[in-house]
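Enquirer: Turn this into a model:
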Amino acid sequence: MSSKDEELEKILNEIKNGKGESGNESPDNQKETSAPEPEKPQSNVAEEINSFSAAESSEKEEMPFAGWKDNYSDDYAENGGYVKNNGRKKIIIAIIAAVVLVAALCGVYFGFFYEKEEPTTTTESTTTTTTQAPVIIRNPLTGEPDYNENAVGKRPIAVVVENSSAARPQYSIGTADIIVEGEAEGGETRMLWLYADMTKLPEMTGPVRSARPSYVQFSELFDSLFVHYGGSHSKDTYVGGYETIENDDVDNIDGMTVSSCFKRTTDRKSPHNAVLLGDKLAEVIENKGYRTQMDENSFSTLKFNEDTAPVSSNACNTIDVKISASTRSHTLAYNADKKVYVNENDYKTEVDFTNVIVMFAESEYIQKQNYKGTGKTETYLNYDLTSGTGQLASCGTITDFEWSVTDGKLSFKDMNGTELKFNPGKSWICLASSNHSGKVTVE
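Expert: All right, here's what the predicted structure looks like:
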């Protein structure tokens, strides 16, 4: 038992025996004799506190004068008078203080742990996630999605392709993003095939033929790397294909001087069998040190609708195009299920296009005397690629437009002056002679 416990037990025993801490002293500190107090029945601390409270209440009524608490204890003697016992008063006050202290400590203890055990309210933070729409990369020449990300900003490839009867059907016809077709000489047409992604060229493209001034110039409108097999030469007033390449400083790959990316097939006779090997071209371009990054200041940007839509309210189920009075007609019929115009006869195989774009341009026939020393006259045709009108057939409809070349870039506008939009897909651009009976017939 600790010393504090022993002291508390001693105090309780004294209360039980009716003895104060300082004995029976009178207020004037003089001892007085009295009969011993009869032994009180045992009581607990609560009864003592209750007795004290009752006595205090009675004293306040009978002894209203000031200072009474200094001379009398709160105990009420059996003989009807107040007992002079300051020691007992101190004991009882000490006990009350102890009880209050214990209660306070219990309150603090339980209050502390109660607060700890009280359920906590968790406020969940709400995070707002903004989902960005996926970036759609579109082919700059067709407007179609899922374009090769590595080809973005790269220069296109433009390949001169023959269209004589002996050349048909052409190798990989229908694979180009854009086919440009116009008259070359003798009433025969020639084509320029444009590919936006040089890494996705067909295994064989062709037959590849010689350069003509108008095709060199059209390739420049798209900052293309120009691929050809030979070229015409200047004579008299005629400026040849080779001279146009040299004068305009055009990056070109010529099959007459480069053999690693060309070959001749065995299924046709020369000169209708020279083809470009698509997987060999990139190495040749690198070896020549040509720029592969597109110059946006030299590239004609075409505008496209996101989805296929009519271009007007004027129906166009069949379009017949005559390039000049010297050429045969090209007829394309609309397939509503595929939303394309189909050419079945001109290439000895079926070829289809989403957009049929007819550009009317002035043309000039130039005669070259004694062609290749044969004594014969060769007649060439050159287009004036500055401005003109045209018609666009797409999604079963047709509309008029105006075109122009400004600072080396081609643009299309509708008749209200708004930039013309094409539908996503492959296009056929036909150069029709506005001054030599080029025309369009629509049904």
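
Enquirer: rest of the way, CA atoms for contacts and neighbours
Expert: Noted.

Enquirer: where do the helices sit along the stretch 201-350 of the chain?
Expert: Secondary structure of the stretch 201-350 of the chain (DSSP state H, counting those that start in this stretch): helices at 213-220, 241-248, 281-288.

Enquirer: For these, could you give me CSV that also reports mean neighbour count, distance to Ser298 and mean pLDDT?
Expert: CSV is the format used below for those (neighbours: other CA atoms under 10 Å; distance: least, CA to CA, whole Å; pLDDT from 0 to 100):
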stretch, mean neighbour count, distance to Ser298, mean pLDDT
helix 213-220, 23, 7, 98
helix 241-248, 16, 13, 98
helix 281-288, 13, 19, 97
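
Enquirer: which residues touch the nearest residue to Asp279 once chain neighbours are set aside?
Expert: By the measure of CA to CA, 6 or more residues apart in numbering, the closest residue to Asp279 outside its immediate chain neighbours is Glu203, 6.6 Å from it. Under the criterion of CA atoms under 8 Å, 6 or more residues apart in numbering, the contact list for Glu203 reads 276-279.

Enquirer: cool, Ala184 as well?
Expert: Residues near Ala184 by CA under 8 Å, 6+ apart: 190, 212, 380-382.

Enquirer: For the residues you listed, pick the one with the most neighbours.
Expert: Sorting the contacts of Ala184 by how many neighbours each has (other CA atoms under 10 Å) puts Arg212 first, at 27 neighbours.

Enquirer: Report the helix or strand with the lowest average pLDDT across the chain.
Expert: The helix or strand with the lowest mean pLDDT-type score in the chain, counting by mean pLDDT, DSSP states H and E, is helix 45-62 (a mean of 42).

Enquirer: And the strands in the stretch 251-400 of the chain?
Expert: With DSSP state E, counting those that start in this stretch as the criterion, the stretch 251-400 of the chain has strands at 252-254, 262-264, 274-277, 303-304, 318-322, 329-335, 340-343, 351-353, 355-361, 363-368, 378-383, 387-394, 397-406.

Enquirer: Check which strands are paired with the shortest one and give the direction for each one.
Expert: Looking back up the chat, that one is strand 303-304. Sheet pairing for strand 303-304, assigned by DSSP bridges, gives strand 421-422 (parallel).

Enquirer: now the second one
Expert: Here strand 262-264 has these sheet partners by DSSP bridges: strand 274-277 (antiparallel).

Enquirer: Then the fifth one?
Expert: Sheet pairing of strand 318-322 (DSSP bridges) gives strand 329-335 (antiparallel), strand 439-442 (antiparallel).

Enquirer: got a list of contacts for the last one?
Expert: Just to be clear, that refers to strand 439-442. 316-324, 432.

Enquirer: again, but for the longest one
Expert: Contacts of strand 329-335 with the rest of the structure, by CA under 8 Å, 6+ apart, involve 316-323, 340-346, 395-396.

Enquirer: Any of the residues you listed buried? List them.
Expert: When neighbours are counted using 16 or more other CA atoms under 10 Å, the contacts of strand 329-335 contain these buried positions: 316-319, 321-323, 340-343, 346, 395-396.

Enquirer: Identify the farthest-apart pair in those.
Expert: Ile323 and Cys395 (22.4 Å; CA to CA).

Enquirer: count of neighbours near the closest residue to Gln369 other than its chain neighbours?
Expert: Spatially, and ignoring its direct neighbours in sequence, Gln369 is nearest to Thr377 (4.5 Å; CA to CA, 6+ apart). In terms of burial, Thr377 registers 13 neighbours under the definition other CA under 10 Å.

Enquirer: these two touch, right, Thr377 and Gly186?
Expert: No: under the contact definition of CA atoms under 8 Å, Thr377 does not touch Gly186, with a separation of 10.4 Å.

Enquirer: ok, so what distance separates Lys303 from Ile398?
Expert: Computed with CA to CA, to the nearest Å, the distance linking Lys303 and Ile398 is 17 Å.

Enquirer: just Asn335 next, same as before
Expert: Relative to Ile398, Asn335 is positioned 14 Å away (CA to CA).

Enquirer: returning to what we had before: redo the strands paired with strand 318-322 as CSV? Include mean neighbour count, distance to Glu243 and mean pLDDT.
Expert: Formatted as CSV, these follow (neighbours: other CA under 10 Å; distance: least, CA to CA, whole Å; pLDDT from 0 to 100):
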stretch, mean neighbour count, distance to Glu243, mean pLDDT
strand 329-335, 19, 31, 97
strand 439-442, 16, 31, 98
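
Enquirer: Reformat the ones you listed as JSON lines; add distance to Asp414.
Expert: JSON lines is the format used below for the strands paired with strand 318-322 (distance: least, CA to CA, whole Å):
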{"stretch": "strand 329-335", "distance to Asp414": "22"}
{"stretch": "strand 439-442", "distance to Asp414": "18"}
